[in-house]
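Novice: Fold the stuff below for me.
(one chain, ligands or ions: 1)
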Amino acid sequence: MVSRVIPVDPFDLVIFGGTGDLARRKILPGLFRRFRAGTMPEESRIIGSARSEHTDEEYRQIVSDAIAEFGGDEKDDKTNLDAFLGRLHYVRVDAAGDEGWEDLSALMRDGVIRAFYFSVGPSLFGALAERLHRHGVADDDSRIVVEKPFGRDLASARELNETLRSHFDEHQIYRIDHYLGKETVQNLMAIRFGNVLFEPLWNNHYIDHIQITVAETVGVEGRGAYYDKSGAMRDMVQNHLMQLLCLIAMEPPAMYEADAVRDEKLKVIRALQPVDYHHLVRGQYDQGTEGEPGYREDAGDPRSFTESFVALRCHINNWRWAGVPFYLRTGKKLKARTSEIAVVFQDLGHSIFEGDEKRHRNILVIRLQPNEGIDLQVTIKEPGPGGMRLIDVPLDMTFADALGPEAEDVPDAYERLIMDVFRGNQTLFMRGDEVEAAWAWTDPIIAGWEARGDVPKLYEPGTAGPDDSAMLLHRDNRRWRDIKA
Ligand code: NAD
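Specialist: Residues are numbered from 1 along each chain as shown. Below you'll find the model as predicted:
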């Protein structure tokens with residue numbers, strides 16, 4: 001397939017934490033895929049960096065092993081792999097000390113974009129920003145890429161923003177939320193603003209409610225100690241679900257441009273009503289029926305009150321959305337791995353078909369995983385003789401089916417976002433004020449739980465979460481969509 005991707009200028013990308021899990025699992029295999037697709041200019045380099053001592057050759061072996069473990073079919077393309085590995089270097093740098101910075105500085109080139117990926121724990125973000133500046137490694141056009149978690153509350157997010165901004169301008173700071181890099185998420189904007197069909201209906205006159213579900217089948221095994229300090233609200237709702245909510249609910253930006261889009265998202269977050277205690281459900285997965293460890297065993301704390309599940313109902317206080325509930329839920333160890341946004345339109349006000357008692361409604365489902373695609377439920381006549389019987393059927397557009405082989409070459413979220421850093425395109429990255437506004441909404445919810453000593457409801461692994469979650473919608477005479485793969 002001929003690549004239609006906009007080329008980027010040559011770059012030097014330094015990955016701090018270049019030997020870590022995220023770098024090996026996502027960043028480096030993703031960069032290799034872009035290299036193969038011809039989007040990474042040949043003269044670009046990737047410089048891995050961490051505290052341990054490695055030669056360039058040793059680092060190339062680490063990356064080669066990572067691609068073999070985490071890459072797709074492309075790992076068998078030895079010719080390109082060798083060429084890609086030839087673009088790699090390694091420098092030992094202590095992010096929190098002063099060792100290695102001179103070596104790194106000496107390696108940087110003029111005339112190419114310098115980007116620095118902070119793939120290290122958040123406690124090192126400030127130290128890295130300060131040293132990049134002090135040792136003259138970064139220039140005015142350099143970009144830094146920062147991973148979640150971006151703070152753990154409003155105060156820490158503000159502090160982090162202030163630290164980063166004391167060394168870099170906002171236009172140099174790329175806060176990654178990989179959900180925004182997903183093809184379907186961008187398609188959400190294409191659907192809304194590229195079709196005449198939906199936007200006139202996109203309001204409280206026609207939409208009954210919206211459901212956003214991000215369900216995982218895995219528990220917190222392996223990262224229990226980290227997760228236990230966080231919980232589903234901080235780890236998922238404040239960032240990923242909030243970003244999806246913004247894109248669904250925002251007003252049309254005047255143009256598809258970074259600040260125009262981010263201004264509209266910010267307005268949504270600021271218009272969010274505080275969530276009432278009765279519209280919040282917290283859950284924690286229990287032990288499995290076969291004796292599989294429950295959340296507390298996985299987290300290593302038999303008294304942990306951290307939630308692995310959240311469901312909530314929220315409202316956006318503006319003209320478009322007045323009276324339309326947004327139901328959000330996310331959890332671990334649920335019955336299927338699925339992420340979707342369902343826009344549930346109102347029932348038909350009046351049916352001309354006598355005897356048709358059923359409630360017919362259109363539902364637009366935007367599926368993020370699995371099988372990224374879009375599904376529109378419409379009502380049609382049941383085929384065959386015997387009068388007008390109506391049935392609801394999905395008009396399914398799974399991208400892999402609709403677009404054929406071209407869909408297979410779509411870059412994954414990390415690849416796309418990293419390339420956007422070199423293109424200088426911040427549209428799909430969170431701005432500092434958005435992150436702070438999201439914390440300002442989340443903080444009182446968490447503080448309320450803490451003040452009440454709230455104990456999360458246990459739920460059986462492999463289910464849709466605690467019963468209270470179903471009740472949240474039943475009380476409103478609605479129901480969650482089934483969680484299915
Ligand atoms: P990791 O522990 O596997 O890797 C951390 C890396 O940082 C290692 O290469 C380590 O050598 C390096 N490092 C540690 N201290 C250092 C120092 N003082 N100086 C220089 N290098 C140092 O962690 P990870 O899972 O790769 O996560 C990295 C960041 O990305 C974290 O902020 C994490 O929250 C975030 N993140 C990770 C994932 C994931 O899938 N792993 C997903 C989303 C966000």
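Novice: show me the contacts for residue 301.
Specialist: residue 228 (Cβ atoms under 8 Å, 6 or more residues apart in numbering). For the C-beta atoms, the positions are set from N, CA and C on the backbone; glycine is no exception.
Novice: So residue 125 versus the ligand, what's the distance?
Specialist: Per Cβ to the nearest ligand atom, to the nearest Å, residue 125 is found 8 Å from the ligand.
Novice: Go ahead and list the helix or strand containing that residue.
Specialist: Following DSSP states H and E, the helix or strand that holds residue 125 is helix 125-134.
Novice: what sits up against that helix?
Specialist: 16, 95-96, 98, 101, 116, 118, 120, 137-138, 142, 144, 146, 160, 163-164, 166-168.
Novice: For the ligand, give me its nearest residue in this structure.
Specialist: residue 20 (2.1 Å; Cβ to the nearest ligand atom).
Novice: and the nearest residue to that residue once chain neighbours are set aside, how many neighbours does it have?
Specialist: Once flanking residues are discounted, residue 20 sits nearest to residue 119: 5.7 Å by Cβ to Cβ, 6 or more residues apart in numbering. Neighbour count of residue 119, defined by other Cβ atoms under 10 Å: 25.
Novice: swap in residue 36?
Specialist: Considering only other Cβ under 10 Å, residue 36 is surrounded by 18 other residues.
Novice: Look up how far residue 30 lies from the nearest residue to it once chain neighbours are set aside.
Specialist: Sequence neighbours aside, residue 80 is the residue nearest to residue 36 in space, at 5.0 Å (criterion: Cβ to Cβ, 6+ apart). Look at residue 80 and residue 30: by Cβ to Cβ, to the nearest Å, they are 14 Å apart.
Novice: between these two, which one's more packed in?
Specialist: residue 30 (22 against 15).
Novice: was I right about that one contacting residue 412?
Specialist: Yes - judged on Cβ atoms under 8 Å, residue 30 makes contact with residue 412 at a distance of 6.2 Å.
Novice: mind listing the helices for the stretch 201-350 of the chain?
Specialist: Along the stretch 201-350 of the chain, the segments classed as helices by DSSP state H, counting those that start in this stretch run 224-228, 232, 242-249, 258-271, 295-299.
Novice: Break this protein down into its structural domains.
Specialist: For the chain, the structural domains run 11-147, 180-474, going by automatic domain parsing.
Novice: Mean pLDDT added to the ones you listed, as TSV?
Specialist: Output for the domains of the chain, formatted as TSV (pLDDT from 0 to 100):
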stretch	mean pLDDT
domain 11-147	95
domain 180-474	93
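Novice: In TSV: these, plus distance to residue 481.
Specialist: Below are those laid out as TSV (distance: least, Cβ to Cβ, whole Å):
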stretch	distance to residue 481
domain 11-147	29
domain 180-474	6
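Novice: What's the local residue count around the nearest residue to residue 307 once chain neighbours are set aside?
Specialist: Of all residues not flanking residue 307 in the chain, residue 282 sits nearest, at 4.1 Å (Cβ to Cβ, 6+ apart). When neighbours are defined as other Cβ under 10 Å, residue 282 has 26 of them.
Novice: swap in residue 24?
Specialist: Residues contacting residue 24 under the criterion other Cβ under 10 Å number 21.
Novice: any idea which helix or strand carries the residue lying closest to it once chain neighbours are set aside?
Specialist: Nearest residue to residue 24, sequence neighbours excluded (Cβ to Cβ, 6+ apart): residue 66, at 3.7 Å. Per DSSP H and E: residue 66 is located in helix 56-70.
Novice: And that helix, what does it pack against?
Specialist: Other helices and strands packing on helix 56-70, by 3 or more Cβ pairs under 8 Å, 6 or more residues apart in numbering; DSSP states H and E, are helix 28-36, strand 45-50, helix 78-85, strand 88-92.
Novice: Mind putting those into JSON lines with distance to residue 324?
Specialist: Shown next, in JSON lines, are those (distance: least, Cβ to Cβ, whole Å):
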{"stretch": "helix 28-36", "distance to residue 324": "37"}
{"stretch": "strand 45-50", "distance to residue 324": "46"}
{"stretch": "helix 78-85", "distance to residue 324": "48"}
{"stretch": "strand 88-92", "distance to residue 324": "50"}
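Novice: thinking again about what came up before, only alpha carbons, please: show the helix holding residue 125 as PDB.
Specialist: Taking Å, rounded to 0.1, in the frame of the first residue of the first chain, the C-alpha atoms of helix 125-134 are listed here in PDB:
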ATOM      1  CA  PHE A 125       9.500  14.500  35.400                       C
ATOM      2  CA  GLY A 126      10.500  17.700  37.200                       C
ATOM      3  CA  ALA A 127      14.100  16.600  37.600                       C
ATOM      4  CA  LEU A 128      14.300  15.700  33.900                       C
ATOM      5  CA  ALA A 129      12.800  19.000  32.700                       C
ATOM      6  CA  GLU A 130      15.100  21.000  34.900                       C
ATOM      7  CA  ARG A 131      18.300  19.100  33.800                       C
ATOM      8  CA  LEU A 132      17.400  19.200  30.100                       C
ATOM      9  CA  HIS A 133      17.300  22.900  30.500                       C
ATOM     10  CA  ARG A 134      20.300  23.400  32.700                       C
END
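Novice: Surely the residue nearest to residue 36 touches residue 37?
Specialist: No - Residue 80 lies out of contact with residue 37 (Cβ under 8 Å); the separation is 10.0 Å.
Novice: who touches both of these two?
Specialist: Joint contacts of residue 80 and residue 37 (Cβ under 8 Å, 6+ apart) do not exist.
Novice: For this protein, which residues are neighbours of the ligand?
Specialist: Residues of the chain lying close to the ligand by Cβ under 6 Å from any ligand atom are 16-17, 19-23, 25, 50-52, 93-96, 119-122, 124, 147-149.
Novice: Out of those, which end up buried?
Specialist: Among the residues of the chain next to the ligand, those scoring as buried are 16-17, 19-20, 22-23, 50-51, 93, 95, 119-120, 122, 124, 147-149 (criterion: 16 or more other Cβ atoms under 10 Å).
Novice: Filter those residues down to just the ones in helices.
Specialist: Assignment to helices by DSSP state H places the following of these there: residue 22.
Novice: I'd like the distance between residue 210 and residue 203.
Specialist: Distance check for residue 210 against residue 203: by Cβ to Cβ, it reads 12 Å.
Novice: Compare neighbour counts for these two and give me the winner.
Specialist: Between residue 210 and residue 203, residue 210 has the larger neighbour count (other Cβ under 10 Å), namely 21 against 14.
Novice: quick one, what contacts the more buried one?
Specialist: Residue 210 neighbours (Cβ under 8 Å, 6+ apart): 248, 249, 324, 325, 326, 327, 341, 342, 343, 344.
Novice: Throw the residues you listed into JSON lines and include distance to residue 177 and neighbour count, thanks.
Specialist: Shown next, in JSON lines, are these (distance: Cβ to Cβ, whole Å; neighbours: other Cβ atoms under 10 Å):
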{"residue": "248", "distance to residue 177": "15", "neighbour count": "22"}
{"residue": "249", "distance to residue 177": "16", "neighbour count": "22"}
{"residue": "324", "distance to residue 177": "24", "neighbour count": "20"}
{"residue": "325", "distance to residue 177": "24", "neighbour count": "19"}
{"residue": "326", "distance to residue 177": "18", "neighbour count": "20"}
{"residue": "327", "distance to residue 177": "21", "neighbour count": "23"}
{"residue": "341", "distance to residue 177": "15", "neighbour count": "25"}
{"residue": "342", "distance to residue 177": "21", "neighbour count": "19"}
{"residue": "343", "distance to residue 177": "21", "neighbour count": "25"}
{"residue": "344", "distance to residue 177": "25", "neighbour count": "20"}
